[in-house]
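# could you work out the structure for the sequence below:
(2 chains)
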Amino acid sequence: MASKWISRLDERTGIVGVYKTVFDRKIPKVNWWFTLGSASLFLFSVQVVTGILLSVYYVPSPDHAYDSVQYIMTGVQFGWLIRGIHHWAASLMVLVVFLHMLRVFFYGAYKYPREITWVTGVVLLLATLGMGFTGYLLPWNQKAYWATTVGTSIAGTVPGIGDFILRALRGGTDLSAVTLTRFFAAHVWMLPLVILTVIGIHLYLVIRNGISAVPKDHE
Amino acid sequence: MSESDAVNASRRKFVTATAAAVGAVMGTVVGVPALGYLASPALEAGGTDAWVPLGKLDSFPVAVPTPFSFTRSRVNGWDKSTRSYTVYVLRDEAGVKVLSSRCTHLSCQVTWQADQNAFTCPCHDAKFGAQGEVLHGPPPKPLDTYETKIEDGTLLIRVVEA
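Coordinates of the predicted model:
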């Protein structure tokens, strides 16, 4: 019954071919370190879902950011859970993405023909760190405020253009309402768009080129 | 089908079933709270129902509608707001009556005009008598009254907010 419907659907969409290409790929004998990319993708999905849920109640304004987060934690049913998952999955994602990068590096999996996959991966690593940096300010508590003050000050030490970078990040000389809204925009619109696009390229390349085997001794 | 193929097939089946089960559990653990999270404000009772003290009954003059103003603060999510109320206390031999100052036509603020012996509404020239009855103009019904009670000589009114 089900297979009849699947074959009807496949006749019109080619969905089975897509499924086989994506999930029934031939892979060499690998180990558990090769699951870190999938783990990163899973954590990103978790962040998208919980992040969208948080945006239902969060307000990116100095007057209301802190209060709205308090409301999520104490006033909204399961708000503590949704924010908790977003918080912990964020830290875990930075860790997992970094370990994924180390795995690829130490197994030499970045070599021909997978250089572009590596480069897109570097973009994804940096965008993930950017998500961590911008998301950290949003609760607008003391830790968030001063961590961002320090972080943007560090960016300001770049020779020559440091002052410009500092002002561009903060939207002025000081941390303000303008900083909060531009970090919010970066966190929920710009960086997610970059990450989604580059994940698409990254996955296409992984599927097209296949994954590399564990290097043998003396290789 | 060789023996190792059979082992692989059953292994594959097991992995698929386990992945589906774990996925279903995780989907439920996050999905159900997510629905509660989204519906949360709709599930709350909302509104308030409180007895507000207006002061000693003896302090209100007899037979003259006397205005009394107060504000009530409320918290809606992360937003704190206040709402102002003006009520008229009318004390006579029969007891005490507390009238709302909102015109029953379009909710403008009515005020007691002693010289006209009436509440007048600035919006559409409505007039109400001292007991709140309609004397003139478009209001469909008399001024609203508050439920009252007296405790230890203090007058209280019941304020219900939606």
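
# and residue A:181, how close does it get to residue A:138?
From residue A:181 across to residue A:138, the span is 10 Å (Cβ to Cβ, to the nearest Å). Every residue, glycine included, has its C-beta placed from N, CA and C.

# next: residue B:64.
Residue B:64 is 57 Å from residue A:138, by Cβ to Cβ.

# so between these two, which is more surrounded?
Set residue B:64 next to residue A:138 and count neighbours by other Cβ atoms under 10 Å in any protein chain shown: residue A:138 wins out with 21 against 14.

# which ones are touching that one?
Listed by Cβ atoms under 8 Å, 6 or more residues apart in numbering or on different chains, the contact partners of residue A:138 are A:58, A:60, A:65, A:69, A:144, A:180, A:183, A:184, A:187.

# list buried residues within those.
Neighbour counting by 16 or more other Cβ atoms under 10 Å in any protein chain shown classes A:58, A:60, A:65, A:69, A:144, A:180, A:183, A:184, A:187 among these as buried.

# excluding its backbone neighbours, what's nearest the residue nearest the centre of chain A?
Centroid-nearest residue in chain A: residue A:128, 4.3 Å away (criterion: Cα atoms, centre = their mean). Leaving out its chain neighbours, the residue that sits closest to residue A:128 by Cβ to Cβ, 6 or more residues apart in numbering or on different chains is residue A:97, at 4.9 Å.

# that neighbour: how many residues sit nearby?
With other Cβ under 10 Å as criterion, residue A:97 counts 23.

# can you show me the helices along the chain?
Using chain A here. Using DSSP state H, the helices found in chain A span residues A:2-13, A:15-23, A:36-54, A:65-74, A:79-106, A:115-137, A:142-155, A:162-170, A:177-185, A:191-209.

# was after chain B, sorry
So, for chain B - with DSSP H - the helices run B:3-43.

# write out the residues of it neighbouring chain A.
Contact residues, chain B versus chain A (Cβ under 8 Å from any Cβ of the partner chain): B:30, B:33-34, B:36-41, B:43, B:77-79.

# coming back round to it: and for residue A:181 and residue A:138, which residues touch both?
residue A:60.

# in contact with residue 46, which residues?
Assuming you mean chain A. Residue A:46 neighbours (Cβ under 8 Å, 6+ apart): A:85, A:89, B:30.

# actually, chain B is the one I wanted.
Per Cβ under 8 Å, 6+ apart, neighbours of residue B:46: residue B:162.

# tell me the pLDDT at it?
Looking at residue B:46, its pLDDT reads 71.

# what distance do you get for it to chain A?
Distance, residue B:46 to chain A, using Cβ to the nearest Cβ, to the nearest Å: 12 Å.

# kindly provide the distance from the nearest residue to residue B:52 once chain neighbours are set aside to residue B:112.
Leaving aside its sequence neighbours, residue B:52 sits nearest to residue B:159 (Cβ to Cβ, 6+ apart; 5.1 Å). For residue B:159, the distance to residue B:112 equals 20 Å [Cβ to Cβ].

# what do you get for residue A:190?
60 Å.

# tell me which of these two has more neighbours.
Remark: of residue A:190 and residue B:112, residue B:112 carries more neighbours, 19 against 14, as counted by other Cβ under 10 Å.

# nearest residue to that one in space, please, no chain neighbours.
residue B:65 is the one closest to residue B:112 (Cβ to Cβ, 6+ apart), at 4.6 Å.

# that older thread, tabulate the helices of chain A (a markdown table), appending mean pLDDT and distance to residue B:152.
Putting the helices of chain A into a markdown table (pLDDT from 0 to 100; distance: least, Cβ to Cβ, whole Å) gives the following:
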| stretch | mean pLDDT | distance to residue B:152 |
| --- | --- | --- |
| helix A:2-13 | 93 | 75 |
| helix A:15-23 | 92 | 77 |
| helix A:36-54 | 97 | 49 |
| helix A:65-74 | 96 | 36 |
| helix A:79-106 | 97 | 42 |
| helix A:115-137 | 98 | 54 |
| helix A:142-155 | 96 | 47 |
| helix A:162-170 | 96 | 59 |
| helix A:177-185 | 97 | 50 |
| helix A:191-209 | 97 | 62 |
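
# how about these, which one is nearest residue B:120?
Among the helices of chain A, the nearest to residue B:120 by Cβ to Cβ is helix A:65-74 (41.6 Å).

# that closest one close to chain B?
Yes - counting by Cβ under 8 Å from any Cβ, contacts between helix A:65-74 and chain B involve A:67, A:68, A:70, A:71.

# among those, who's most crowded?
residue A:68 (24 neighbours).

# that residue: what's it in contact with?
Per Cβ under 8 Å, 6+ apart, neighbours of residue A:68: A:57, A:58, A:59, B:77, B:78.

# would you turn these into JSON lines with pLDDT and distance to residue B:143?
Shown next, in JSON lines, are those (pLDDT from 0 to 100; distance: Cβ to Cβ, whole Å):
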{"residue": "A:57", "pLDDT": "96", "distance to residue B:143": "39"}
{"residue": "A:58", "pLDDT": "97", "distance to residue B:143": "43"}
{"residue": "A:59", "pLDDT": "96", "distance to residue B:143": "39"}
{"residue": "B:77", "pLDDT": "84", "distance to residue B:143": "33"}
{"residue": "B:78", "pLDDT": "86", "distance to residue B:143": "35"}
